[in-house]
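Q: Quick one, structure for this:
(one chain, ligands or ions: 1)
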Amino acid sequence: MAAILIVEDESDLNHLIRTHLEAEGHAVRQAFDGPTALCLVAEGVPDLVILDWMLPGMDGLAVCRQLRQDHLMPIIMLTARSEEIDRVLGLEVGADDYVLKPFSMRELLARVRAMLRRVALDVRLAESGSPAVTGDASMPPAPGAVTRGPLHIDIANHAVTLAGQALDLTPKEFELLALLAAHPNRAFSREFLVERIWGYPYDGADRTVDSHIVRLRKKLGDLGDKITTVWGVGYRFTE
Ligand code: CA
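A: Residues are numbered from 1 along each chain as shown. Sure, this is the predicted structure:
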């Protein structure tokens, strides 16, 4: 069971989503505009936010940007805008996933479940080990913590420090960094990263990976150069 905030101005849709989430046992709060959503988050931080892009007044992008200043909870955006530029924009401000309108409740619930599972299990990939694109089955599982120079990733506690300073990462950024850093010098394809971290392939997924890498590099500062692009393949963490 999770605490979920729905931010959607279409009240029928908002209530419909609420009904379905409550049927799954979640504790749901509703906002019908951006400012109210921010107030509700200030009162109690939800485990996940479902955020409509097109809201009157303060739009979903502005809400997302505002939330990301202080919070790392997963944010699923609802949007009728499928243009790539919009996806990239949303990712820039820190959304973790998209559901394109119109969508089925079944699809939305699947995304919510996947997101909550990923946050809960976090990088349990560390325990199972992760197959590399090379198909090398002998790759040893990653330990519970990974240290690369000044970078320390505590996988169990979902915490990252850089030269002793806590680094704020979204769930997807964390999973991406943990996976790459746990297996230095191994190249991971974008397809693999999408499957592993987002859980399903979709149009524009490669750009999602790229955009997350850009943000990760930025947050890592000088160490960002460690995440290198492998031409024609994807990315690797260079040690
Ligand atoms: Ca709307």
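Q: Show me the shaky parts of the chain.
A: Scanning the chain for pLDDT under 70 picks out the ranges 81-93, 119-143, 200-203.
Q: Where do the strands of it begin and end?
A: Per DSSP state E, the chain carries strands over the ranges 3-7, 27-31, 48-52, 75-79, 97-100, 145-148, 151-154, 159-162, 165-166, 188-189, 227-230, 234-237.
Q: Reformat those strands as TSV; add distance to the ion.
A: For the C-beta atoms, the positions are set from N, CA and C on the backbone; glycine is no exception. Formatted as TSV, the strands of the chain follow (distance: least, CB to the ion, whole Å):
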stretch	distance to the ion
strand 3-7	9
strand 27-31	12
strand 48-52	4
strand 75-79	8
strand 97-100	13
strand 145-148	41
strand 151-154	38
strand 159-162	34
strand 165-166	35
strand 188-189	36
strand 227-230	36
strand 234-237	35
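Q: tell me the most buried of these?
A: strand 48-52 (a mean of 26; mean count of other CB atoms under 10 Å).
Q: Who are the packing partners of that one?
A: Here strand 48-52 touches strand 3-7, helix 34-43, helix 60-70, strand 75-79, helix 105-121, going by 3 or more CB pairs under 8 Å, 6 or more residues apart in numbering; DSSP states H and E.
Q: which helices and strands does the second one pack with?
A: Meaning helix 34-43. So helix 34-43, by 3+ CB pairs under 8 Å, 6+ apart, packs with strand 3-7, strand 27-31, strand 48-52, helix 60-70.
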